[in-house]
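In: From the sequence below, what's the structure:
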Amino acid sequence: MDRDSHSEDTLSTMVLENIKNKLIHAFRATGESREDPQESGTTVRPVSSISRSYQANEELRRAQIDGAITWLRSELLEMRSQDLQLAQTLLGLNTEIQRLRRESYGGVEVEGDDQQ
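Out: As a prediction, the model looks like this:
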(Lines give C-alpha, C1' and ligand atoms only; values in the text may rest on other atoms or scores of the structure.)
Protein backbone atom coordinates (compact mmCIF):
# COMPACT_ATOMS: atom_id res chain seq x y z
CA MET A 1 0.00 0.00 0.00
CA ASP A 2 3.06 2.28 0.26
CA ARG A 3 3.09 2.52 -3.52
CA ASP A 4 -0.54 3.68 -3.53
CA SER A 5 0.08 6.31 -0.88
CA HIS A 6 3.14 7.51 -2.79
CA SER A 7 1.13 7.85 -6.00
CA GLU A 8 -1.61 9.69 -4.09
CA ASP A 9 1.01 12.05 -2.65
CA THR A 10 2.38 12.66 -6.14
CA LEU A 11 -1.13 13.29 -7.48
CA SER A 12 -1.92 15.67 -4.62
CA THR A 13 1.30 17.57 -5.24
CA MET A 14 0.49 17.88 -8.93
CA VAL A 15 -3.04 19.07 -8.16
CA LEU A 16 -1.83 21.69 -5.69
CA GLU A 17 0.80 22.89 -8.15
CA ASN A 18 -1.90 23.21 -10.80
CA ILE A 19 -4.09 25.29 -8.47
CA LYS A 20 -1.14 27.51 -7.60
CA ASN A 21 -0.34 28.07 -11.28
CA LYS A 22 -3.96 28.92 -12.06
CA LEU A 23 -4.08 31.46 -9.25
CA ILE A 24 -0.80 33.02 -10.32
CA HIS A 25 -2.02 33.17 -13.91
CA ALA A 26 -5.36 34.69 -12.89
CA PHE A 27 -3.76 37.46 -10.86
CA ARG A 28 -0.95 38.05 -13.35
CA ALA A 29 -3.44 38.39 -16.21
CA THR A 30 -5.49 40.96 -14.32
CA GLY A 31 -2.35 42.80 -13.22
CA GLU A 32 -0.92 42.95 -16.75
CA SER A 33 -4.20 44.19 -18.19
CA ARG A 34 -4.04 47.27 -15.94
CA GLU A 35 -2.12 50.16 -17.44
CA ASP A 36 -0.64 53.11 -15.62
CA PRO A 37 -2.71 56.15 -16.68
CA GLN A 38 0.39 58.38 -16.76
CA GLU A 39 2.27 56.00 -19.04
CA SER A 40 -0.47 55.59 -21.60
CA GLY A 41 -1.40 59.27 -21.65
CA THR A 42 -5.09 58.49 -21.20
CA THR A 43 -7.37 58.63 -18.24
CA VAL A 44 -8.92 55.49 -16.80
CA ARG A 45 -12.59 55.19 -17.48
CA PRO A 46 -14.77 54.00 -14.60
CA VAL A 47 -16.47 51.44 -16.87
CA SER A 48 -13.11 49.93 -17.77
CA SER A 49 -12.16 49.77 -14.11
CA ILE A 50 -15.43 48.06 -13.25
CA SER A 51 -14.92 45.66 -16.14
CA ARG A 52 -11.43 44.76 -14.90
CA SER A 53 -12.69 44.38 -11.36
CA TYR A 54 -15.47 42.11 -12.57
CA GLN A 55 -12.97 40.12 -14.64
CA ALA A 56 -10.65 39.75 -11.63
CA ASN A 57 -13.54 38.63 -9.43
CA GLU A 58 -14.63 36.18 -12.09
CA GLU A 59 -11.12 34.72 -12.36
CA LEU A 60 -10.88 34.44 -8.58
CA ARG A 61 -14.28 32.75 -8.43
CA ARG A 62 -13.22 30.27 -11.12
CA ALA A 63 -9.99 29.56 -9.27
CA GLN A 64 -11.94 28.93 -6.07
CA ILE A 65 -14.33 26.60 -7.88
CA ASP A 66 -11.40 24.77 -9.48
CA GLY A 67 -9.81 24.44 -6.06
CA ALA A 68 -13.02 23.05 -4.59
CA ILE A 69 -13.38 20.55 -7.43
CA THR A 70 -9.77 19.50 -7.01
CA TRP A 71 -10.32 19.00 -3.27
CA LEU A 72 -13.43 16.90 -3.99
CA ARG A 73 -11.48 14.76 -6.46
CA SER A 74 -8.72 14.15 -3.94
CA GLU A 75 -11.29 13.22 -1.29
CA LEU A 76 -12.98 10.81 -3.71
CA LEU A 77 -9.62 9.22 -4.53
CA GLU A 78 -8.94 8.78 -0.82
CA MET A 79 -12.39 7.25 -0.35
CA ARG A 80 -11.77 4.86 -3.25
CA SER A 81 -8.48 3.81 -1.70
CA GLN A 82 -10.13 3.22 1.67
CA ASP A 83 -12.94 1.30 -0.04
CA LEU A 84 -10.43 -1.01 -1.73
CA GLN A 85 -8.60 -1.56 1.56
CA LEU A 86 -11.88 -2.37 3.31
CA ALA A 87 -12.90 -4.76 0.54
CA GLN A 88 -9.56 -6.58 0.80
CA THR A 89 -9.93 -6.80 4.57
CA LEU A 90 -13.47 -8.17 4.31
CA LEU A 91 -12.45 -10.74 1.69
CA GLY A 92 -9.56 -11.82 3.91
CA LEU A 93 -11.87 -12.14 6.91
CA ASN A 94 -14.38 -14.15 4.87
CA THR A 95 -11.63 -16.51 3.72
CA GLU A 96 -10.41 -16.92 7.29
CA ILE A 97 -13.95 -17.58 8.58
CA GLN A 98 -14.48 -20.24 5.93
CA ARG A 99 -11.15 -21.86 6.79
CA LEU A 100 -12.00 -21.92 10.49
CA ARG A 101 -15.41 -23.42 9.75
CA ARG A 102 -13.83 -26.19 7.73
CA GLU A 103 -11.32 -26.88 10.52
CA SER A 104 -13.96 -26.88 13.25
CA TYR A 105 -16.16 -29.36 11.37
CA GLY A 106 -13.24 -31.64 10.53
CA GLY A 107 -13.25 -30.97 6.81
CA VAL A 108 -16.98 -31.61 6.42
CA GLU A 109 -18.55 -29.26 3.90
CA VAL A 110 -20.58 -26.61 5.67
CA GLU A 111 -23.65 -24.97 4.17
CA GLY A 112 -22.70 -21.62 2.70
CA ASP A 113 -19.11 -22.61 1.76
CA ASP A 114 -20.00 -22.49 -1.90
CA GLN A 115 -21.25 -18.88 -1.65
CA GLN A 116 -17.79 -17.36 -2.06
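
In: only C-alpha atoms for contact and neighbour calcs from this point on.
Out: Will do.

In: all helices for the protein, in order.
Out: Secondary structure of the chain by DSSP state H: the helices cover 2-33, 37-40, 46-104.

In: since we're on Ala26, how many residues are nearby?
Out: Residues lying near Ala26 (other CA atoms under 10 Å) number 19.

In: separation between it and Leu16?
Out: 15 Å (CA to CA, to the nearest Å).

In: low-confidence ranges in the chain?
Out: Within the chain, the ranges that satisfy pLDDT under 70 run 1-2, 4-5, 8, 27-47, 107-116.

In: I'd like the distance between Asn57 and Leu93.
Out: Asn57 is 53 Å from Leu93, where distance means CA to CA.

In: neighbour count winner among those two?
Out: Comparing Asn57 with Leu93 by other CA under 10 Å, the one with more neighbours is Asn57, at 15 against 12.
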